[in-house]
Structures are given as structure tokens and as C-alpha cells.
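> Here is a sequence together with a model predicted from it:
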Amino acid sequence: SLTSSRARYTSDRLIRAMACGCARLVRRFDDMAGMGLVDGDNCVGWSTIPEMLLHVRDWTQRPEELRALGQAAAELARTRHTWTARMEELAAIVAALRCHR
């Protein structure tokens, strides 16, 4: 994503990749926790390129843990980031905006 300073702002690519069971390196963004992302549990968070490179070196030495991290991300995507959940959140946003006209 182009910005990490807006709450809950991320591309759907993140959710799609999580659903595939891939371990994800995620540039930290506001309200990652609100999306259920937990650094070291279902993603690997980073803020700087040097930090990201350290994580890559470290995590690639632990393939079983890396697979488990990807599986946890897939479970999060399947249970919490469904199309229905996304549309319910969008409907709530639209309803809130309509009230503020």
C-alpha cells in the first residue's frame, strides 16, 4: 500500500495473500491490530528496509515456524476477512456517511 498512516488502510492484496496461506511481510500501518494482524503470529511486521531484511534472514531460517505463521494468516482471512464481512463494514461506513450529510 502507498500509505501506512490511515487507520485500517490496506490493499485487498494483503487479505488475498493471507488467504493463500503465505507468510506475509507487512509494512506496519495504523490499526493492524484492528484487522487481527499480530506481528510474529500471523504476519511479520516491519517499518524500515533494514528491519525487513533482518526479518527475511531470520524467518527463512525457521521454515516450520514460517509455515505456521502463513497458516495462521490463512485462518484469519477465512474466518474474519470474508466477502460478507467486508461488505458489512462497507455498509456501516456508507450509513455513517449518510448520517453526516
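Structure received.

> can you give me how far the lowest-mean-pLDDT helix or strand in the chain is from the chain middle?
Scoring the helices and strands of the chain by mean pLDDT, DSSP states H and E places helix 83-99 at the bottom, with a mean of 86. Here helix 83-99 is found 19 Å from its chain centre; the criterion is CA atoms, centre = their mean, to the nearest Å.

> Quick check: buried residues in it?
Of all the residues in helix 83-99, not one is buried under the rule 16 or more other CB atoms under 10 Å. Every residue, glycine included, has its C-beta placed from N, CA and C.

> ditto for stretch 35-50
For stretch 35-50, using 16+ other CB under 10 Å, the buried residues are 35, 36, 37, 42, 43, 44, 45, 46.

> With respect to pLDDT, which of these ranks lowest?
On pLDDT alone, residue 35 ranks lowest of the buried residues of stretch 35-50, at 88.

> For residue 17, which non-adjacent residue is closest in space?
Nearest residue to residue 17, sequence neighbours excluded (CB to CB, 6 or more residues apart in numbering): residue 24, at 5.8 Å.

> Do a quick rundown of the helices in the protein.
12-19, 49-59, 63-80, 83-99 (DSSP state H).

> Those helices into JSON lines, with extra columns for distance to residue 28?
Shown next, in JSON lines, are these (distance: least, CB to CB, whole Å):
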{"stretch": "helix 12-19", "distance to residue 28": "12"}
{"stretch": "helix 49-59", "distance to residue 28": "10"}
{"stretch": "helix 63-80", "distance to residue 28": "16"}
{"stretch": "helix 83-99", "distance to residue 28": "21"}
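
> Looking at those, spot the one closest to residue 30.
helix 12-19 (13.9 Å; CB to CB).
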